[in-house]
Structure formats: structure tokens, C-alpha cells
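Undergrad: what follows is a protein structure lacking sequence information:
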């Protein structure tokens, strides 16, 4: 079993760390809110640390799952960051969704190339169930070294390319989701305005070409107007901001993604920044 430093016990990080603890790994935990790390230790074991540097000292792997570029820099770089104490032969795994440039620079800072940008898909439900999909950017050696850890909470682990390409693959994921959620919102809105029995319509189309994860998992809660769960609009806007910045750099044309990003801005302006991304249907009345 490995000694794993884990930074970030949010809605995704907590269940991922729990799977590691239940698999028998020894955890050294850092969270910006120390009480959360203490609660985790009380429930699942491990050691709560005062900094990422303390957590990473002596660890075989250093795993981060935090919010954005600045959060990742805070837990990796500087005297309090994990890189200050992490052994040269230890593996760094970042599950945060951040810019490809940051992922490449962090990989370059690891002397033996044992670094992965490894964003995930599957949401909180996938993290809880241990069925996440992980897109890995880094060397094949880093993937091989990380796989025993990743398999504790992932059903699918795909090495997509060199450093930064895991983050680019996550952008593809978010582009696809943005369009699907907006399309589903419009479809449900149309069905209601047309006077249809929406449940029967979903039964009719739910196993055909219109079927999607979003339809299976979000259509009924969208109809009920329940959005106090899942992947927050604020986080989706952060992700789409990264996507649109990268598109400006590489010349990709993303008109639907840019439009849906503005729709999410409307939801934020209505006070729904912490609501699930399926709350797009609120815009339609």
C-alpha cells in the first residue's frame, strides 16, 4: 500500500480520498478548512496536516483536487506547497480542471517526469461510486505509476497524450456537455409548452438517438425544478472560460459553447451560481 498525500477534500476530493482509505492506502491530508480534514480522519483514518508541504513530505504520491489555477499553484508551489518536500521519485497527480499551460509547467517542475494532469468526468455521483473517467496527460511511466491509485475511484483511465493534454481532453468533455444540457433544457421546455406528458415523452425517446447521460440523470430533476446538487454553475463557467481562452489561442470556432457560457452567466446573475448545471432550464420559463 502507498503513502498518499491528498490536498482538497471538496465534493469530489472527499469521496476519492475515502476510496483510497478504504483500499488500505495511508493518507496524509491537507484541506484549506482544517476542520474538514479532521472530520475525514475521524471517519476514515489518516493524518491531518497543516500544509500541503507537510502532507507531501515522505509521500509516494501527491494528489490534488482543488478549484482553479491559483488553488493548484497554492498547494504545489512555494514553501508551503507540496513540491517543496515531495521526493523526486514520487508521483504527482492533479485532478483539478485547470489551464493546459499550468499542467505543462507543473510537469516540467517534476525532475523525473512523474506528473499527470488527470481531470475527471462523472461528477459527484461518479466520485461517490468510484466510477469516474480520468483523462491523463503525462508520460506513460507516470500513468503506470499512478494507475493503482487511480483505479480506487475510476472505472476508466485513458492516457490521452503528453502533459497538458489531459486538460485539453477535459475541455472537449465540457464543450460536449454544455451543448447537450442546453438542448435537453429546450426539449423539455418545448414538451411542456406543447402540452405533452413529459414523463411519457422521456419514456418514448430515452432509449433512442436522443438518449444521453444528462437525460438519464437530469431530465426528471429539471422537470421538478430541483438543482441543489451536482456540478455547480460557477465551476462550469470557470471551465468554459478555460475552454474559450484555449479556443482563441488555437483558432477553434465554438459558437454554441460561447452562447451557453452566457446563458450560465444569466443563471449566476439570478443567484444560481451554486446550482447544478441543469438549471439552464430556468432561463426558459
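TA: Good, I have the coordinates. In this text, all values refer to a predicted model and were calculated from it rather than measured experimentally. Numbering: from 1, shown residues only.
Undergrad: would you map the strands across the stretch 51-200 of the chain?
TA: Assigned by DSSP state E, counting those that start in this stretch, the stretch 51-200 of the chain shows strands spanning 61-64, 91-94, 115-117, 120-121, 132-137, 154-161.
Undergrad: for residue 15, helix, strand, or coil?
TA: Following DSSP: H, G, I helix; E, B strand; the rest coil, residue 15 is assigned to helix.
Undergrad: go ahead and confirm it touches residue 153.
TA: Yes. Taking contacts as CB atoms under 8 Å, residue 15 lies within contact range of residue 153: 7.2 Å. For every residue, glycine as well, the C-beta is placed using N, CA and C.
Undergrad: reformat the strands of the stretch 51-200 of the chain as TSV; add distance to residue 254, mean pLDDT and mean neighbour count.
TA: Below are the strands of the stretch 51-200 of the chain laid out as TSV (distance: least, CB to CB, whole Å; pLDDT from 0 to 100; neighbours: other CB atoms under 10 Å):
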stretch	distance to residue 254	mean pLDDT	mean neighbour count
strand 61-64	28	98	28
strand 91-94	24	98	27
strand 115-117	21	98	31
strand 120-121	19	98	21
strand 132-137	19	98	25
strand 154-161	19	98	17
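Undergrad: how is the protein divided into domains?
TA: Domain ranges of the chain: 3-162, 168-284, per automatic domain parsing.
Undergrad: buried deepest among these, which one?
TA: Ranked by mean neighbour count under mean count of other CB atoms under 10 Å, the domains of the chain are led by domain 3-162, which reaches a mean of 20.
Undergrad: just give me the longest helix of this protein.
TA: Longest helix in the chain by number of residues, with DSSP state H as the criterion: helix 165-193.
Undergrad: show me what it is packed up against.
TA: Counting contacts by 3 or more CB pairs under 8 Å, 6 or more residues apart in numbering; DSSP states H and E, helix 165-193 packs against helix 100-108, strand 115-117, strand 132-137, strand 154-161, helix 198-205, helix 213-224, helix 233-250, helix 255-269.
Undergrad: from residue 66, how far off is the nearest residue to residue 74 once chain neighbours are set aside?
TA: Of all residues not flanking residue 74 in the chain, residue 81 sits nearest, at 6.9 Å (CB to CB, 6 or more residues apart in numbering). Separation of residue 81 from residue 66 (CB to CB, to the nearest Å): 12 Å.
Undergrad: residues shared between the contacts of those two?
TA: 74-75 (CB atoms under 8 Å, 6 or more residues apart in numbering).
Undergrad: quick one: low-confidence ranges for the stretch 101-250 of the chain?
TA: Within the stretch 101-250 of the chain, no range satisfies pLDDT under 70.
Undergrad: what's the closest of the helices and strands packed on helix 165-193 to residue 168?
TA: The closest of these to residue 168 is helix 100-108. By CB to CB, the value is 5.5 Å.
Undergrad: the closest one to helix 233-250, inter-axis angle?
TA: 90 degrees (axes from the mean of the first three to the mean of the last three CA atoms, to 10 degrees).
Undergrad: returning to that earlier point: can you list the helices and strands packed on helix 165-193 in TSV and add distance to residue 47?
TA: Below are those laid out as TSV (distance: least, CB to CB, whole Å):
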stretch	distance to residue 47
helix 100-108	24
strand 115-117	23
strand 132-137	25
strand 154-161	24
helix 198-205	47
helix 213-224	36
helix 233-250	29
helix 255-269	38
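Undergrad: as a markdown table, the strands of the stretch 51-200 of the chain with distance to residue 39 would be great.
TA: Formatted as a markdown table, the strands of the stretch 51-200 of the chain follow (distance: least, CB to CB, whole Å):
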| stretch | distance to residue 39 |
| --- | --- |
| strand 61-64 | 19 |
| strand 91-94 | 23 |
| strand 115-117 | 28 |
| strand 120-121 | 23 |
| strand 132-137 | 22 |
| strand 154-161 | 24 |
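Undergrad: quickly list what's touching both of residue 15 and residue 153.
TA: Joint contacts of residue 15 and residue 153 (CB under 8 Å, 6+ apart) are 127, 130.
Undergrad: what bridges to the residue most central in space within the chain?
TA: In the chain, the centroid-proximal residue (CA atoms, centre = their mean) is residue 120; its distance is 4.7 Å. Beta-bridge pairing for residue 120 (DSSP bridges): residue 134.
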